[in-house]
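>>> Here is the input, now give the coordinates:
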Amino acid sequence: MFVFIGSPAVKNKIKTKISSSFILCISLFAAACGGGSSSDDNSEVSLDSSTPATSRLGVPIRECDNPDPSWIFCDDFETDAPLVMEGRYFEALGNPPVESGVGLDGSRALAGNFRQGQAQAGDVKLGFGRAADSYMDQGIQSDRNFREIYYRHLIRFEEGWTGPAFKLSRATILAKADWSQAMIAHLWNNGDDDLLLMDPVNCASGTEVRCSGYNDFSNFDWLGINRGFSPIHDSSFSNRWLCIEARVRLNDPGQSNGVQQFWIDGVLEASATNYDFVGDYTEFGINTIFFENFWNGGAIRDQSRYFDNIVVSTERIGCG
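Take a look at the predicted model:
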C-alpha cells in the first residue's frame with residue numbers, strides 16, 4: 001500500500017478522501033487499502049517463515065493504513081499497484097521487483113538483487129512538490145515548494161552480506177526538464193569502509209542553477225563529507241531490519257544554514273548545520289528522492305538487500 005497528500009487537481013480526479021488531512025490512498029485492490037482495519041491487523045499478510053529476519057522495530061507492516069498528517073508520502077509495498085503511476089514513483093530504473101516474504105516480519109518489500117559484477121540493481125525515483133517537468137510530477141503535493149523534508153526507510157541486507165553497496169539515496173532539486181540540479185544531499189558509501197556518509201553538493205550561483213543536466217560533476221561544489229559510525233555493510237548487521245532516517249533543510253538566501261542529518265535506529269549518526277546548498281536560489285524546493293541500488297564497479301558477489309516502509313514527511317518520522 002502507499003498513500004500521499006495530493007494536490008487539489010489530483011484530489012478532484014481520484015475523489016478519495018480520508019479525514020480532514022486530505023490523505024489519499026491509491027490501490028488497484030481494495031484489500032491493499034485496508035478499509036477500516038487497524039495497522040496492527042496483519043491477517044492479510046502472508047508471512048514466510050523461511051525469512052528469519054528480526055525486525056527489532058515497532059513499525060507496523062501496513063504502516064500506510066494510518067498515515068500521520070505531516071507525511072507527504074508513504075509506501076509499505078503491500079499492494080500490487082505498479083511502481084510507476086500517479087501518486088507513486090515517476091521512474092523505476094531496471095524494474096526492481098516487489099517480492100513477498102522478504103519484507104518487514106515476512107511481508108513484501110522492494111528488492112535489490114545484485115549479481116556478481118552488476119552495478120545497477122534497480123532504483124525508484126519519487127517526485128513531490130512543484131516539478132520542473134510533467135514527467136517528474138505524479139501529483140504528490142505538486143503545488144508546494146519544500147524547503148525542508150525528512151525521509152525514512154527500512155533496509156535489510158541478506159544473511160552474510162559482504163561489501164559496501166555504494167549508492168543508497170539522494171534528495172535533490174531537479175530544476176529543469178533536462179534534470180539540471182540545484183543541489184544534492186547524497187546519503188551513500190564511497191567504498192572506503194562500511195559506513196554511511198553524507199556528501200552534499202551545491203549547484204546554484206546566486207539565484208541561478210549553475211549545473212546543466214544530471215550529475216554535472218564539472219560544476220559541482222562539494223560541501224564536505226560527514227561520516228556515520230555504524231558499519232551497516234558489515235556482515236554483523238545483516239539479516240535484520242535497520243531504520244534509516246534523513247533530514248535535509250535548504251539554507252535561507254544569503255546564509256549558510258542548510259542542514260543535513262541522518263539517524264540509524266533513532267540514533268543520530270551525523271549532522272551538519274552550516275551548508276550553503278542553493279545560494280539565493282528559491283524557484284523550486286526539494287522535489288525528488290532517489291532510492292538506489294547501484295554498486296560502483298559492480299557487486300563483488302550475488303546478494304540482495306531490501307527496502308520497506310518508505311515515508312517522506314515535513315516532520316521527524318521515527319522508527320515506530
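>>> so who does residue 204 touch?
If a contact means C-beta atoms under 8 Å, 6 or more residues apart in numbering, then residue 204 has 182-183, 210, 277-281 as its contacts. No exception for glycine: its C-beta is placed from N, CA and C like everyone else's.
>>> which residues in the stretch 151-300 of the chain form strands?
Remark: strands assigned in the stretch 151-300 of the chain by DSSP state E, counting those that start in this stretch are 167-174, 181-188, 197-202, 204-205, 208-209, 221-222, 226-227, 242-249, 258-264, 267-275, 288-294.
>>> now the ones you listed as JSON lines including mean pLDDT and distance to residue 300?
What follows is those, written out as JSON lines (pLDDT from 0 to 100; distance: least, C-beta to C-beta, whole Å):
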{"stretch": "strand 167-174", "mean pLDDT": "98", "distance to residue 300": "15"}
{"stretch": "strand 181-188", "mean pLDDT": "98", "distance to residue 300": "17"}
{"stretch": "strand 197-202", "mean pLDDT": "98", "distance to residue 300": "20"}
{"stretch": "strand 204-205", "mean pLDDT": "97", "distance to residue 300": "37"}
{"stretch": "strand 208-209", "mean pLDDT": "98", "distance to residue 300": "37"}
{"stretch": "strand 221-222", "mean pLDDT": "98", "distance to residue 300": "27"}
{"stretch": "strand 226-227", "mean pLDDT": "98", "distance to residue 300": "21"}
{"stretch": "strand 242-249", "mean pLDDT": "98", "distance to residue 300": "20"}
{"stretch": "strand 258-264", "mean pLDDT": "98", "distance to residue 300": "23"}
{"stretch": "strand 267-275", "mean pLDDT": "98", "distance to residue 300": "24"}
{"stretch": "strand 288-294", "mean pLDDT": "98", "distance to residue 300": "14"}
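>>> can you redo those as a markdown table with distance to residue 128?
Compiled in a markdown table, those are given as follows (distance: least, C-beta to C-beta, whole Å):
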| stretch | distance to residue 128 |
| --- | --- |
| strand 167-174 | 10 |
| strand 181-188 | 15 |
| strand 197-202 | 20 |
| strand 204-205 | 20 |
| strand 208-209 | 19 |
| strand 221-222 | 25 |
| strand 226-227 | 25 |
| strand 242-249 | 13 |
| strand 258-264 | 18 |
| strand 267-275 | 21 |
| strand 288-294 | 8 |
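>>> May I ask which helix or strand of the chain has the lowest mean pLDDT?
Of all the helices and strands that make up the chain, the one with the lowest confidence by mean pLDDT, DSSP states H and E is helix 30-33; it has a mean of 32.
>>> after that helix comes which helix or strand?
Towards the C-terminus, the helix or strand next in line after helix 30-33, according to DSSP states H and E, is strand 71-75.
>>> Report how many residues lie close to the nearest residue to residue 254 once chain neighbours are set aside.
Using C-beta to C-beta, 6 or more residues apart in numbering and skipping residues adjacent in sequence, the residue nearest residue 254 is residue 280, 6.2 Å away. Residue neighbour count, defined by other C-beta atoms under 10 Å, stands at 15 for residue 280.
>>> Where does pLDDT dip in the stretch 51-200 of the chain?
The stretch 51-200 of the chain contains residues with pLDDT under 70 at 51-52.
>>> redo that, cut-off 90
Filtered on pLDDT under 90, the stretch 51-200 of the chain yields the residue ranges 51-56.
>>> now the contacts of residue 204: which count as buried?
182-183, 210, 277-279, 281 (16 or more other C-beta atoms under 10 Å).
>>> of those residues, closest to residue 156?
For residue 156, the nearest member of the buried ones among the contacts of residue 204 is residue 183. The distance, counting by C-beta to C-beta, is 29.7 Å.
>>> The closest one bridge partners, please.
Taking DSSP bridges, one finds residue 202 as the beta-bridge partners of residue 183.
>>> Thought residue 251 was touching the residue nearest to residue 254, still the case?
No: under the criterion of C-beta atoms under 8 Å, residue 280 makes no contact with residue 251, lying 9.4 Å away.
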